[in-house]
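Novice: Just need the structure, nothing else, for what follows:
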Amino acid sequence: MNYNAGSFDLIVIGAGHAGCEAALAGARMGCKTLLLTLTMDAVAFMPCNPSIGGTSKGHLVREIDALGGQMGICTDETYIQVRMLNTSKGPAVHSLRAQTDKLAYQLNMRKVLENTKSLTLKQDEAAEILSQNEKIAGVRCVSGAVYDANAVVVATGVYLKSRIITGEFTRDCGPSGYINAQYLSESLKALGIPLQRFKTGTPARVDGRTLDYSKMEPQYGDTEMHRFSFISPEINREQYPCYLTHTNPKTHKIILDNLHRSPMYSGAIKGTGTRYCPSIEDKVVRFADKSRHQIFIEPEGLYTNEMYVQGMSSSLPADVQADMLHSMAGLENANIVRMGYAIEYDCIDPLALTPALAVKHLQGLYCAGQLNGSSGYEEAAAQGLLAGINAALYLQDKPAFLLDRSESYIGVLVDDLTIKGTKEPYRMMTSRAEFRLNLRQDNADMRLTEKGFEIGLATQERLDIYLAKKERILNTEQILMKTKPNMDTLRRIFVELNENPPEQPLSCAELLKRQSISYKLLCGFVPELPALSPDEAATLETDIKYAGYLRRQKTQISQMQRLEKRLLPDTMDYHAIKGLRIEARQKLSKILPASIGQASRISGVSPADIAVLVVFLEKGGAKNE
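Specialist: Residues are numbered from 1 along each chain as shown. Okay, here's the model as predicted:
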């Protein structure tokens, strides 16, 4: 029997990484918020790898933090190893990655949730999203509890009608055996939201006491204790190594001999998997020329001996998984604690969403995370933050908060999902960002903190820290331009570098333009230069060394923004516009882009179609519409 269980401003369904950020954003922006979870034990759970960050994903975490989110802070407080990736490449792709203590991360995030003003956490399964007159009215749970609310964020991850598959064995459940959500898929369909069926997977976990580490190569963290959050204090704690081993021809033969038992190849799995994080059986088939693949052994945390076998995601039968793991150096006697599995689940077609992550035809309903067809903790958290922000702004009758491709990786992620759509689990990559030199992880606060403060999410303390950093960098730039070391100092600098010194004096700013000279090196020879943190020095160096490229990129951004300002009314009848191809009419009518810029990124809309739209607007077509 249904009963009224209370009223809230905002309800968030799902307490994974997306749901946590959405609920915190809503509550911190003043909304009375309810966070519903299938089980309290799965709040902020990491069902796959025990890490946060990585290539491009580290950028997302920094952006979440700059806006006032929680993921970066929780990671800093619970990581057991940290590394800066891609340091041999340019600064645009430097990305931070941390091995976390999974349980500590969960408990840390849950503590924050439970102690946030205006936020209530409850265990129940949402069965139906209630609406009235095309507006959200609340949520009904399987317990019969009905909660009134004017806004809902759905962040159900991979739990909608999910099932796990290992060989011939299947079970209707969520990750790691947690219960799944049986009813909400039907409610979403009833609301007119199109669904898709996707698949992802995870590898086995092994008992670290049964591994022979002498046969593997240790992978240590950096000596510098990097931080994801711009407001975290300095970190000084012991780091723990990961280990590298490899598959071999014997491993590959075991896999190939048993492909007929793989649910991926037998047709038992119907969902679409990701190309960018393939299973081991998929890697062996697709890259048949490779005699081995890297496998990383990663600790799940300090509370357990479980080790995560990164790179061995598989849905092969248990006996085959055991054979292939035991064929690798260091794992010959491994005790398998948990077998790998594939998981299928319902998700929505993100083309049903606006760039604010709002459902187009239903006011007050927002969707975030893997429900939107993405993969990864960081992608989920970024969407959750944006959805929570926009739900709160909607409740406050304020304009939506939008981020475009030129100002953030979050903008790229959301634009790709809502304008281009996805037919497989979407993964963020640096190559997806056209302006990645401008979107570095070190300057995320420069790009976003003031925006986070303006919408009421970033705190005054965070803003003050950012403004102080900005002032230090600007002051240091001025000092660099004014300071010219004498020729004796210049010679000593270039002797250190084993390079020929210049014939004329140069300012410190001119010296810093050279790739071989760092700010840290300059400080060793020019004592009047102020001390900067490693992050501050990285931002300063990149802005000076790549000034020409950054100017060129800003010109390109201005050109793109001109197209973004050419607005298209949402009442536009594209079928009535002569000159548009049939495919373009169909795609434009379905997606309803807000601007010429958005329209130009829709798959199936050609440059010729864009030219037709521009001419139509210039002739006053939009007014006629």
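
Novice: any idea how far Ile557 is from Gly524?
Specialist: 36 Å (CB to CB, to the nearest Å). For every residue, glycine as well, the C-beta is placed using N, CA and C.

Novice: who's more crowded, the two?
Specialist: Counted by other CB atoms under 10 Å, Gly524 and Ile557 do not tie: Ile557 has more neighbours, with 17 against 12.

Novice: Per-residue pLDDT of that one, please?
Specialist: If you check Ile557, the pLDDT there is 90.

Novice: SS state for it?
Specialist: For Ile557, the assignment made with DSSP: H, G, I helix; E, B strand; the rest coil gives helix.

Novice: from memory it sits against Ala433, does it?
Specialist: No - counting by CB atoms under 8 Å, Ile557 does not reach Ala433; the two are 11.7 Å apart.

Novice: Domain parsing of this structure, as residue ranges.
Specialist: Per automatic domain parsing, the structural domains of the chain span 3-197+346-454, 205-344, 460-554, 565-624.

Novice: so which of those is the most packed in?
Specialist: domain 3-197+346-454 (a mean of 22; mean count of other CB atoms under 10 Å).

Novice: OK, contacts around the spatially most central residue of the chain?
Specialist: With distances taken as CA atoms, centre = their mean, the chain has Glu379 as the residue nearest its mean C-alpha position (2.4 Å). By CB atoms under 8 Å, 6 or more residues apart in numbering, Glu379 lies in contact with Lys57, Leu60, Gly369, Gln370, Leu413, Tyr426, Arg427, Met428.

Novice: Quick check: phi and psi on Glu128?
Specialist: Backbone torsions of Glu128, given as degrees, to the nearest 10, read phi -150, psi 140.

Novice: Distance-wise, check Met572 relative to Thr542.
Specialist: 42 Å.

Novice: now Val495
Specialist: Taken as CB to CB, the span from Val495 to Thr542 is 26 Å.

Novice: Then Ile389?
Specialist: Distance from Ile389 to Thr542, by CB to CB: 28 Å.

Novice: Val412 now?
Specialist: 19 Å.

Novice: for Asp404, same thing?
Specialist: 22 Å.

Novice: now swap in Gly69 and tell me
Specialist: 24 Å.

Novice: How about Ala352?
Specialist: For Ala352, the distance to Thr542 - CB to CB - is 39 Å.

Novice: Val43 too?
Specialist: Counting by CB to CB - Val43 and Thr542 are separated by 37 Å.

Novice: what do you get for Lys89?
Specialist: Taking CB to CB, one finds Lys89 at 13 Å from Thr542.

Novice: Helix or strand: which one has the residue nearest to the centre of the chain?
Specialist: helix 377-395 (DSSP states H and E).

Novice: Output that helix in PDB with nothing but the alpha carbons.
Specialist: The C-alpha trace of helix 377-395 is given here as PDB (Å, rounded to 0.1, in the frame of the first residue of the first chain):
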ATOM      1  CA  TYR A 377      33.600   6.800 -12.300                       C
ATOM      2  CA  GLU A 378      34.900  10.100 -13.300                       C
ATOM      3  CA  GLU A 379      32.500  10.600 -16.300                       C
ATOM      4  CA  ALA A 380      29.600   9.600 -14.000                       C
ATOM      5  CA  ALA A 381      30.600  12.100 -11.200                       C
ATOM      6  CA  ALA A 382      31.000  14.900 -13.700                       C
ATOM      7  CA  GLN A 383      27.500  14.400 -15.100                       C
ATOM      8  CA  GLY A 384      26.100  14.000 -11.600                       C
ATOM      9  CA  LEU A 385      27.600  17.300 -10.500                       C
ATOM     10  CA  LEU A 386      26.200  19.100 -13.600                       C
ATOM     11  CA  ALA A 387      22.700  17.400 -13.200                       C
ATOM     12  CA  GLY A 388      22.600  18.300  -9.500                       C
ATOM     13  CA  ILE A 389      23.600  21.900 -10.200                       C
ATOM     14  CA  ASN A 390      20.900  22.300 -12.900                       C
ATOM     15  CA  ALA A 391      18.200  20.600 -10.900                       C
ATOM     16  CA  ALA A 392      18.900  23.100  -8.100                       C
ATOM     17  CA  LEU A 393      18.900  26.000 -10.500                       C
ATOM     18  CA  TYR A 394      15.600  24.800 -12.000                       C
ATOM     19  CA  LEU A 395      14.000  24.700  -8.500                       C
END
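
Novice: counting contacts, what elements does the next helix-or-strand element following it pack onto?
Specialist: Next along the chain after helix 377-395, taking DSSP H and E as the criterion, comes helix 409-415. Judged by 3 or more CB pairs under 8 Å, 6 or more residues apart in numbering; DSSP states H and E, helix 409-415 is in contact with helix 57-67, helix 377-395.

Novice: quick one: contacts for Ile13?
Specialist: Per CB under 8 Å, 6+ apart, neighbours of Ile13: Gly19, Leu36, Ala126, Val139, Val152, Val153, Val154, Ala155, Thr156, Leu184.

Novice: Averaged pLDDT, stretch 192-210. What do you get?
Specialist: The average pLDDT within stretch 192-210 is 96.

Novice: Check the offset of the helix holding Glu379 from the chain's centre.
Specialist: 12 Å (CA atoms, centre = their mean, to the nearest Å).

Novice: any low-confidence regions in the chain?
Specialist: Counting by pLDDT under 70, the chain has low-confidence residues at 621-625.

Novice: run the last query once more with 50
Specialist: 622, 624-625 (pLDDT under 50).

Novice: Now the residue in it sticking out farthest from the centre: which helix or strand?
Specialist: Largest separation from the mean C-alpha position in the chain: Asp488, at 49.2 Å (CA atoms, centre = their mean). Asp488 is part of helix 487-497, with elements assigned from DSSP H and E.
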